[in-house]
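*Asks:* Predicted coordinates and the sequence they were generated for:
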Amino acid sequence: PVVHRKYVYYVAGGPENRDEFARQPLKYALGPSKIPPPPGFALKIAVVGPPGSEKSRCAQELCSRYGLQLIRIEDAIGTYLTEYRWTDVAKTAVGTLRRGNALSEDAVVEAVVTATFGGRATTWGYVIDGYPVTKKQFKLLDAAGVMLHSVFVLQEDGDRPNEDTALWRLRHDTWTAAFVGLQWISDRYGNTSGFASTDIDGMAAAASACVQSVLAYRTDVRVNRP
């Protein structure tokens with residue numbers, strides 16, 4: 001956030017945008033906003049895809065366009081282990097990591113869910129970068145009360161990255177084997193779409209359509225419309 005006079009401004013897009021705003025606050029505070037107003041509910045999106053699909057870039061771009069909070073799994077875990085180190089889950093997780101083992105799915109989802117409680121996440125919404133992927137991860141989020149409005153699945157564009165090594169192929173094959181599949185997500189939730197990594201505008205349009213759909217549903221419920 002940036003404090004200017006008696007107002008506190010939350011700047012989307014990262015530290016570089018914050019610093020630019022701090023240098024010329026009136027230029028941006030008095031000009032028309034390029035970010036659409038919040039829809040009245042927190043928009044919940046996940047962007048997933050195989051290694052090399054540029055899912056992190058796409059997730060960041062969606063956050064920049066709509067003022068959403070970006071939730072990266074590594075950051076969420078690090079924050080949880082630091083700020084909630086007194087909890088049993090965090091203590092167990094720290095011990096697991098010190099032994100060189102992977103965190104349990106329950107510990108990971110606890111960190112992700114906690115990250116969704118941030119101020120921007122609860123007001124505007126968030127984009128989860130690269131999670132959930134497996135059927136168990138989706139069900140754990142459901143059990144924790146996190147119902148995603150949209151899941152964007154990035155498709156490979158056919159071009160392999162320069163680091164086409166055995167390690168990269170292993171990571172790619174591991175992700176493919178673990179991924180629950182676009183069809184399963186669509187059948188269970190009806191809210192998933194596949195996109196090329198270059199189709200940011202398509203993802204943005206899908207996010208806007210999701211907002212309109214949720215608002216229409218809420219209106220129907222409010223007026224008791226079947």
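*Replies:* Nice, thanks for sending it over.
*Asks:* Can you list the low-confidence ranges for this protein?
*Replies:* 12-14, 30-39, 157-164, 221, 225-226 (pLDDT under 70).
*Asks:* Can you name the helix or strand that R85 falls in?
*Replies:* Counting by DSSP states H and E, no helix or strand carries R85.
*Asks:* Run a quick neighbour tally on it.
*Replies:* Other residues lying near R85 total 11 when counted by other CB atoms under 10 Å. (Each C-beta comes from the backbone N, C-alpha and C, glycine too.)
*Asks:* shouldn't it be in contact with G95?
*Replies:* No: using CB atoms under 8 Å, R85 makes no contact with G95, being 11.5 Å away.
*Asks:* And the protein, what are its domain boundaries?
*Replies:* Annotated domains of the chain cover 1-34, 37-222 [automatic domain parsing].
*Asks:* Report all helices and strands that the helix ranked longest in the chain contacts.
*Replies:* Across the chain, the helix with the greatest residue count (assigned by DSSP state H) is helix 200-222. Counting contacts by 3 or more CB pairs under 8 Å, 6 or more residues apart in numbering; DSSP states H and E, helix 200-222 is packed against strand 43-48, helix 55-66, strand 150-155, strand 192-196.
*Asks:* Tell me the buried residues in that helix?
*Replies:* By 16 or more other CB atoms under 10 Å, the buried positions in helix 200-222 come out as 200, 203, 206-207, 210-211, 214.
*Asks:* Centre of the chain to that helix, how far?
*Replies:* Relative to its chain's centre, helix 200-222 lies at 17 Å (CA atoms, centre = their mean, to the nearest Å).
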